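Chemist: 3D model of this:
(chains A and B)
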There are 2 protein chains.
Amino acid sequence: MMYGRYTQELGVYAKEEAARLRESGQRRSVSDRSRTLDLLEYDKGRCAKCRRSGYPYVLEAPAQDFISVCTVRCQKFLISRVGEDWIFLILLGLLMALVSWVVDFCIAICLQAQKWMYGGLDSNVFLQYLAWVTYPVVLITFSAGFTQILAPQAVGSGIPEMKTILRGVVLKEYLTFKTFVAKVIGLTCALGSGMPLGKEGPFVHIASLCAALLSKFMSLFGGIYENESRNIEMLAAACAVGVGCCFAAPIGGVLFSIEVTSTFFAVRNYWRGFFAATFSAFIFRVLAVWNRDEETITALFKTRFRLDFPFDLQELPAFAVIGIASGFGGALFVYLNRLIVQFMRKQKVINKFLMKKRLLYPALVTLVLSTLTFPPGFGQFMAGKLTQKEALVTLLDNRTWAKQGIAEEFDYIGNAQAWRHPQVNVFVTLVLFIVMKFWMSALAITIPVPSGAFMPVFVIGAAFGRLVGESMAAWFPDGINTDGTIYPIVPGGYAVVGAAALSGAVTHTVSTAVIVFELTGQISHILPVMIAVILANAVAQSLQPSLYDSIIRIKKLPYLPELGWGHHEKYNIRVEDIMVRDVRYITLNCCYRDLHNVLLTGQLKTLALVESAESMILLGSIERAQLQSLLSQQLGRARRLQYIRERAVEEKKRLSIVLDPASDDNGSQRTSQEVRFQISTEESSFSPTRPVPHKPLKPALKRPSVVERPTELPTSPHDHSGIALKNLFCSSPDTEALEKNNNMESLMSPDIRRSSKRVRISVVDDGDVEDDMTIREIAEWEERQLDEQVNFNNCKIDPAPFQLVERTSLHKTHTIFSLLGLDHAYVTSIGRLIGVVSLKELRKAIEGSVTVKGVKVRPPLASFRDSGTSSSENETTELHKLWDRHKSMSLPRESTPSESEEKSQ
Amino acid sequence: MMYGRYTQELGVYAKEEAARLRESGQRRSVSDRSRTLDLLEYDKGRCAKCRRSGYPYVLEAPAQDFISVCTVRCQKFLISRVGEDWIFLILLGLLMALVSWVVDFCIAICLQAQKWMYGGLDSNVFLQYLAWVTYPVVLITFSAGFTQILAPQAVGSGIPEMKTILRGVVLKEYLTFKTFVAKVIGLTCALGSGMPLGKEGPFVHIASLCAALLSKFMSLFGGIYENESRNIEMLAAACAVGVGCCFAAPIGGVLFSIEVTSTFFAVRNYWRGFFAATFSAFIFRVLAVWNRDEETITALFKTRFRLDFPFDLQELPAFAVIGIASGFGGALFVYLNRLIVQFMRKQKVINKFLMKKRLLYPALVTLVLSTLTFPPGFGQFMAGKLTQKEALVTLLDNRTWAKQGIAEEFDYIGNAQAWRHPQVNVFVTLVLFIVMKFWMSALAITIPVPSGAFMPVFVIGAAFGRLVGESMAAWFPDGINTDGTIYPIVPGGYAVVGAAALSGAVTHTVSTAVIVFELTGQISHILPVMIAVILANAVAQSLQPSLYDSIIRIKKLPYLPELGWGHHEKYNIRVEDIMVRDVRYITLNCCYRDLHNVLLTGQLKTLALVESAESMILLGSIERAQLQSLLSQQLGRARRLQYIRERAVEEKKRLSIVLDPASDDNGSQRTSQEVRFQISTEESSFSPTRPVPHKPLKPALKRPSVVERPTELPTSPHDHSGIALKNLFCSSPDTEALEKNNNMESLMSPDIRRSSKRVRISVVDDGDVEDDMTIREIAEWEERQLDEQVNFNNCKIDPAPFQLVERTSLHKTHTIFSLLGLDHAYVTSIGRLIGVVSLKELRKAIEGSVTVKGVKVRPPLASFRDSGTSSSENETTELHKLWDRHKSMSLPRESTPSESEEKSQ
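Modeler: Model prediction:
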C-alpha cells in the first residue's frame, strides 16, 4: 500500500499548493486577485480550449499600480459598470461600424479617383490605359509592402486564422495593434484598387482584433477582462460583428460567423453576437443616413421585386439548376485557388525569383488583371468599367435586360449601360464576365494583401443567376403562369439566388441565404434561395473542403476536419482502431535518465504520468516544458555550481574534521531531497534553493519584462553544462520531430519552444563560484545526476487529463475533441493507460487518404472515387497501412514567396 | 504491487470481454451486427448524453429475421440508400408537411363550422350563445379526455420535454406512436375550438415523434437507424422541421429550435435542420398552391408595406419602447402562467374536487373564455369573432385604422370590420383585446390539451405593436420625416415589431425576428425588429425564466439553468466550493455487506469505484443497477437453491465417501469464484452457472419479449429470499430517497427501477430443487454471503467517468456539463477521489436561492433584489447553509388534476 500513501500525499500537496497560490493572490490588490486566480489556474488540462488560448497580452505593471491607488470602492463601481458585457459589445459595435464606414468611404474615394483619372484622359487611349493600370498596381503593391513590413499576419482573409484561434490554438501576433493597423490600411488600399477582392473576411479579423484590443484596453479598469473564457466568447461575438457591419446584415452575420468559425456553438453566447452585430449594423447604416447617402435605414443593395407573385412554382427547377451548378462552380473555385497556390509553390524557378522580389508577384497579377478589364480593351465585353458594387447593383436590377434574346429595345440607363455592347448580345457579355471573373478572383485572392473572397464570389454568382434568369426570360417572354394574369420572369430574383448559392458553395454555409435577404431587403425569394443554397452546399461539400478549410490546410494550421454528410462508417470505427498504443509515459519512480530518454524520443506536447510501468495506472499528464525544466534544473549549471560549492565545503570540513567531528548534518539537504513525496507544508521551505522562480511557467513566460537571450548560452566559453541538455534541446523539438510532424506541433507549441529557450537562460546567472570542473568531470557528474529519481514536487501535473475508453466511437471522439478543443486524449481501461489519441490520429481516421497527401491537390470529383460502401473496419486498417507507407516517405514541402502567410508561422 | 496486477487483469478482462461480445455479434446477421455493437457499447459513461438517451424501441425479432433471410447484397444496397441522411430528412419533411397541412385543414373546417352555426342561429341570441359556447367546450373536453386516456404525455407544448430529451434524459413514453396519435388529434380539436392556443410547440413534439417513429420504421431496413447519437441529431433536426412546417419558416424554424432546445449546438448538424425544414416548408406551401388557396408560394401572413421608406430613423425610439414594454409583458406572462398553476395546486379543496372530475377544469376554463369572447356580448369590444389567424392578418394590415385618433372615416373592409365598434374607438378595442387575451392565453395554456403558447403571444404582441403604431399615426398624421416627401407611419410595421418582441420575450429567443420576416415575407423592418427583440430579451431574461424553462421547473424535469447575462462571479466560484465531499464509494476489495450498506444509504445513480479506502484512487464508476443486480445474484434464490443443491450433493458424497474417496473436486467451482480477477479467457466458461443472462443489462431490458411480472415475487409463499434484498429494494429508490430528491432521480433513472424489478423476476424460475430452508437458516446463509468479497467480473464498470479538479471554475463546469450532458462528475486530485459534483449542486450554485424554493413563485422583479455585488465566495457558502436548512424542511408538494402532465412521470 505504499503507492496509496504516496499518491495521497501528492494529492494533499497539490491541494495545499493551490491554496497557497490563492492566498498569495489575495495578498495582492483586489483587481490583481482575479487575474492571478485565472492565470495560475490549475485545471487547465481539463478544458484544454481555454488553456491554450491564453492571450499574449498582460497588464503593464505601472498602469496596474496606478489603478490600485484608487479606492476599492471606486474600482468596484468601475468594474461593475465597465465589466458589463453590453458595454463592451456596444463599444465594439460602435467602433467597428465606424471602421467599416471609414473604410468604405476611403474605398469609394479611391475608386472615384481612378474613374476620374481614366475619364480625364479621354483623348489618349494609351495614357488612359497607363492610368487605368498604374493606379491599382501602385495601390496593391503599397498594400502588399505595407502589410509585409508591418504585420505579415494581416495578409489574407483572416477567417481561417479566427477559426483556428476559436478552436483554442494561440496564433502569435494575430491579435495585436500592429496587425490591426496593417489590416485596415492594407485592406483599404487593396479594395481601392478595384481588384476583385472582398471586404468581409478581413472584417471578421478586424473585428476580432478590435475586440482583443478593446479587452486589453478595458482591462486597465480591472475586472473581468483578463478571463480567458470570456475573451473567447467575445471573440466569437466579434466575428459576428465583423460580418454584420460589413453587409449591414446582423442576423446573417451572426449565422455566417457561427458556421464559418465554430464547430460547437454555445447558445448562451448567441445574444452577444446578435446584440453587437445589430448595434453595429444600425450605426453603420445611420452613418450613411447622416452622411445624406440614404434617406432612411434600408438595405445595402435594395431590390424592388414584386411582392404579390415573386416567382412561379414552375420556375423552381431553374432555381435548382442554379443551385447544383453553383455547387460545382464553388468546388471548382476552391480547387482552382488551391491549384494556383500549388503551382506557385512547385515552380522552383519562379519561386526563387519571386522570393527575392516580394512585391513583384502582386504587381504582376494586378497588371494582368487590370489590363484585362481595361474598358476600351477586353473590358468592354465584360462590363470592365463597373466596380464590384456597381456590378452587383446592376445585376440585382428588377428589370429584364433581354427580350426575345436580343437586348436592343431595352433602354439601358446608368451603369446597366456597361452590360450592353453594340456587337455582342448581353448573354455573351454575361458569360465572359462570369468566366473571366472566376479565374481572376481565384487568382486575385492569392495576392498577399488583406482581402477576402466572399464578395467577388457573390458577384460572380449573381452574374450566373442573372444569366439563367435572362435565358428564362427569353425562353418564356410572358412568364410561365397560365392562369390569366401575366407575371413576367424576374431575372433579378435569379441573380439573388445565384449569388447566395455560389457564395454558399464556396464557404460551405447556409447562412448566405440570410445575408442576401438582408442585403437586398427582400425575403420574397426565400424558397428558391434556400433550395439553391442547400443544393449548392450538398454538391460542394461532397467535392471539396470550404475555401476557409482549404486555406487552413494550405497554411498548415491545426484543424479537425468535419465529419462529412452521412458517413455512417464513422459510427463504427472505435478509438481502439485509431489510437497509438505505444504511449510515451513517465512513471512516478523514474529517474532523470528515463525522463531524458523519453524527451529525446517523443514529440508529444504532454506526457502521461503513470504509477508504474507494470500497473500503468494513469495519474495525470505533465507538459513537456515542465519536464524539460525539471531536467535542466537537475543538470543545470546552478545546481552544478552548488555541487562544487558543497564539495568545497565538504573538503574544507574534511580538513577541519579533526577540530569538530560532531557536525555531520551536511548531507541533510540531499537526503530530504531523496524523499520524493514529502509533506506539502515542508515544500515551501525548498523553494529558495531552486534557481527557477517558483511561479508556474506560463504566466511567467508571458511577462514582457523577462528578456530573451536565447543565443547566450552556447557561446559562453565556461559553460559545459549542456552535454546532455544541449543534446536534448538541439535535437528534439526544432529539427526532425517537428519537420516530420507537418509543422503542426510547432504551431501548437510555441510556448514550449519559447520555454526551452528561457530555461536555458535561467541557469546562466549567479556565477560567484568558479566552475572548475573538466568536461569529463561534468559528464560523470551528469551521469550521477541522471541516475537520481525524479522529484516531481516542483512540477505542474494536470491531475485529470481527458480519458477515453477503447470502444468510444470515432463519432463521439470527434464530438468530444471539437467540443472541448482537445488536442489529445488518453485511452484508459479501468484506470490503466493503454493508448493515446491525438488530433493527428483523429484527422487521419476521418479524412482517410486526403490528409496523407497533405495539401496535395485533389481534383473536384475525386471524392466520387473513394465513396464506396466498403466495410469500415477494413477501410481503417487500409488507411493505417497507407499512412504508414506515406509517412516513411516524408513528403518534401516547398514554400513560395507568394505564400507569405506562411511566414507568420 | 498486488493492486497493479489486479487492475491489469481487470483491464485485460474488460478488453477481451469487449472482443468476445463483438465476436458474438459478428456471428449474427450483418444488420444485427452494427446494432449489437452499438447497444453493447462499452463506453457509455464517457458521453453520458448518448448513454442516457437509449430509445425504448428495438426491433421486433421476427421482422428482423425476415429481413435477414434476404441476401446480404440486397441489404447492403438498401442500407446504403435508406441509410442516407437526406432520404430520412426528405421523408420526415414530407410527412410533417402533410401532417401540418391536414391539421391546418381540419382546424379551418372546425372553425368554419363554429362560424356557420353561430351565423345560422342569427335569430336567437341565447341559442347563438349556446352554440358559440358549447362547440369549444365539447371539443376541448374531447381533446382533454382523449389525450388523457390515450397518452397523457401528449399534453402541453412538448418543447420543455424535447429540451430535456435532447439534453440526454430518457423520458418514458414521450416518443411513441400512441403519443403521436393523441397529440395530432388532440391538437386539432383543441385548436379547432378557437381557444387562444398555439400550434407551434406541439408541432415540435409531433415532428420529433415523427422522426422517432420513422427511425423505428426505417430500422426495419437495418443500418444506421439504431445509432443513438444519430437519433439525437435527427431529433434536433426534427425540432427545426416542426417549427419550419408550422410557419413555413425554414430559417426561423431552425434557429428557434436551436435556441429553445439546445445549449450547445453542433454546427455540423445545422444543414440537417435547414434541409429538412426547407423541404417541409416547401411542401407545406406547395400543398396550399395545389389546393388553390394561393396562386404561388408566398409567405403565410403576407404584408405589403412600402419598400422605399419602411420607417423613419426618428421612429426608432417608439420601436425601442415596444421592445422594452414587451420584455416586461413577456416576463409578466410567464409569471402569470406559473401563478395560475401554483394557485390551482395550492387550493386543496379545488384540487381534490378537480382530481375527481378530470375533465371539469378544461370545460370550465373553456366556458369562461368562450363566454367572454361571445361576439354579441363582451366579444364585440375585443374583436371576439375573429379567429387567431384572422386577427393576425388584420393586425398586420398595412393601412392605418385611426386618423387623428378617430376611426370614423376609415373604410373598414372584411375582417378589419371586427375592430370597429360604433361606441368605442379602435384604441379601446385594442387595449381591451390585449388585456383580455393576455390573461386568457395564460389561463388557456394550463388546460391539459396538446397546445402551445407561441401563437397567442404572437397575436397579443402584434396587437400591442398595432396599438403603439396607431397612436404614433394619430400623433404624427403626416409622418415624422421633414424632407419634403410625406411618408405616413405604417402601424402594420409596429405590429410586426410587437409580435416579434413579445414572442421573443416569452420564449427568450432572438430568432422570432427571423420568424416574423418569413411569416410576413418582408424584411424591410429588420432593424426595428432586431432592436425590439434584443431589448425585450434583455428585459425578460433578467426578470423571469423563459416559458419553457418555467414549465420545465413546474414539471420538475431535470435541467441545468443557463448562466445569466454577465454574472462575473461565476468565473470565480470553484468546484471545490460546491462539490460534495462525502462521496459514496465502493472499494475493489469490499464485501457484499459494504455494497448493501452503500446502496441503502446513498441515492446517486452511479457509485465511484476506488482502489481502496486509503488510497482513494478512482478506478471507475458503476451504475447502481449493476450493483443491485450483483447483490441480488449473491443473495438471490437461484444461488440459494444452488447452495442447497450443493449441500445435498455434499451430504450425499459424505455418505458415499467410503465408496470413492478420490473425487474431491466438487468445491472447484466455488473456489474459482473466489478468485476475484481471473484471466478473462476463463471467464466465458463461467457464464452457464449464472442464472442471469450474460448479455449486458440494457439491451436485455429493452426487448419487449421479456415479460414484466414485478409483483410475483413478494406473493410467492415459498420465497423468503428477499430478507436483505427486499429491505434494499423496498426502502431505497422508490420511497424516501426519490421523494426527497425532488423526483428528479426517478425521472432520470427509469431504467434503474425497471431493472431492479426485472432482477427480482429473474431469480424466480428453475425451482426443481425444493427450498427447505427456514427463515433463520436463510438469514444465516445471507449473513455468510454478505461477508464474501464482491466479484466485479460480471459487472459493467465505466472505466473513465468524467473527472474535474478542485479548481475548475463554475463557468467551465457548467460548460462541460451542458456540452457533454453529464449529470455528475467526480472531482479528483492526481487520481484520488475527493468529491463529486452533480447537476443538483451545479444548479444550486448557479441559481442561488431560486432553486431552493423549487417552483415557488418568484415575482417578476425579484432578480433586482439579489443582484448585489457581494463577494462570490461568501455567497456560495451562504447558499450552502440556506440549502441545507431548506432541505431538512423537505417542502411538501401537491399535484392538481390540471397538471396531468405530472402523471407522465
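Chemist: Tell me the spacing between A:Ile480 and A:Pro317.
Modeler: When distances are taken as CB to CB, to the nearest Å, A:Ile480 and A:Pro317 turn out to be 11 Å apart. Yep, even glycine has a C-beta here, placed from its N, CA and C like the rest.
Chemist: Which secondary structure elements does the lengthiest helix in chain A sit against?
Modeler: What stands out as the longest helix in chain A, according to DSSP state H, is helix A:85-120. On a contact count with 3 or more CB pairs under 8 Å, 6 or more residues apart in numbering or on different chains; DSSP states H and E, helix A:85-120 meets helix A:125-150, helix A:177-192, helix A:200-218, helix A:228-247, helix A:270-290.
Chemist: domains in chain A, as residue ranges please.
Modeler: Structural domains annotated on chain A: A:82-291, A:313-401+A:415-555, A:568-636+A:779-847, as defined by the TED database.
Chemist: Please name whichever of the helices and strands packed on helix A:85-120 is nearest to B:Phe309.
Modeler: Using CB to CB as the criterion, the shortest distance between B:Phe309 and the helices and strands packed on helix A:85-120 is 11.5 Å, found for helix A:270-290.
Chemist: re the thing from before, figure out which of the domains of chain A is closest to B:Gly379.
Modeler: Among these, domain A:313-401+A:415-555 sits nearest to B:Gly379 (CB to CB), with 35.0 Å.
Chemist: what about that closest one and chain B, touching?
Modeler: Yes - contact check for domain A:313-401+A:415-555 against chain B, using CB under 8 Å from any CB of the partner chain: residues in range are A:313, A:481, A:483, A:510, A:513-514, A:517-518, A:521-524, A:526-527, A:530-531, A:534, A:537-538.
Chemist: hmm, back to that, adding mean pLDDT and distance to chain B, write the helices and strands packed on helix A:85-120 out as CSV.
Modeler: CSV is the format used below for the helices and strands packed on helix A:85-120 (pLDDT from 0 to 100; distance: least, CB to the nearest CB, whole Å):
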stretch, mean pLDDT, distance to chain B
helix A:125-150, 90, 30
helix A:177-192, 92, 25
helix A:200-218, 89, 13
helix A:228-247, 84, 6
helix A:270-290, 87, 4
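Chemist: hey, which of the ones you listed is tucked in deepest?
Modeler: Mean neighbours per residue, mean count of other CB atoms under 10 Å in any protein chain shown, is largest over these for helix A:228-247, with a mean of 28.
Chemist: can I get the domains of chain A in JSON lines with distance to B:Pro561?
Modeler: Formatted as JSON lines, these follow (distance: least, CB to CB, whole Å):
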{"stretch": "domain A:82-291", "distance to B:Pro561": "10"}
{"stretch": "domain A:313-401+A:415-555", "distance to B:Pro561": "29"}
{"stretch": "domain A:568-636+A:779-847", "distance to B:Pro561": "20"}
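Chemist: Let me see the mean pLDDT of the longest helix of chain A.
Modeler: Helix A:85-120 shows an average pLDDT of 89 in the prediction.
Chemist: Not counting sequence-adjacent ones, nearest residue to A:Arg338?
Modeler: A:Ser550 (5.4 Å; CB to CB, 6 or more residues apart in numbering or on different chains).
Chemist: Please look at that neighbour and A:Ile340 and confirm they touch.
Modeler: No - contact between A:Ser550 and A:Ile340 fails when scored by CB atoms under 8 Å: they sit 11.5 Å apart.
Chemist: neighbour-wise, which of those two wins?
Modeler: With neighbours defined as other CB atoms under 10 Å in any protein chain shown, A:Ser550 and A:Ile340 compare such that A:Ser550 has more, 21 against 17.
Chemist: give the contact list for that one.
Modeler: A:334, A:337-338, A:544 (CB atoms under 8 Å, 6 or more residues apart in numbering or on different chains).
Chemist: For chain A, just list every one of the strands.
Modeler: Under the criterion DSSP state E, chain A carries strands at the ranges A:264-266, A:585-587, A:606-610, A:618-623, A:797-798, A:803-804, A:824-829, A:832-838.
Chemist: Kindly reformat the ones you listed as JSON lines and extend each row with mean pLDDT, mean neighbour count and distance to chain B.
Modeler: Output for the strands of chain A, formatted as JSON lines (pLDDT from 0 to 100; neighbours: other CB atoms under 10 Å in any protein chain shown; distance: least, CB to the nearest CB, whole Å):
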{"stretch": "strand A:264-266", "mean pLDDT": "77", "mean neighbour count": "21", "distance to chain B": "5"}
{"stretch": "strand A:585-587", "mean pLDDT": "81", "mean neighbour count": "20", "distance to chain B": "11"}
{"stretch": "strand A:606-610", "mean pLDDT": "80", "mean neighbour count": "24", "distance to chain B": "8"}
{"stretch": "strand A:618-623", "mean pLDDT": "79", "mean neighbour count": "25", "distance to chain B": "5"}
{"stretch": "strand A:797-798", "mean pLDDT": "74", "mean neighbour count": "22", "distance to chain B": "6"}
{"stretch": "strand A:803-804", "mean pLDDT": "76", "mean neighbour count": "24", "distance to chain B": "4"}
{"stretch": "strand A:824-829", "mean pLDDT": "80", "mean neighbour count": "25", "distance to chain B": "4"}
{"stretch": "strand A:832-838", "mean pLDDT": "82", "mean neighbour count": "23", "distance to chain B": "4"}
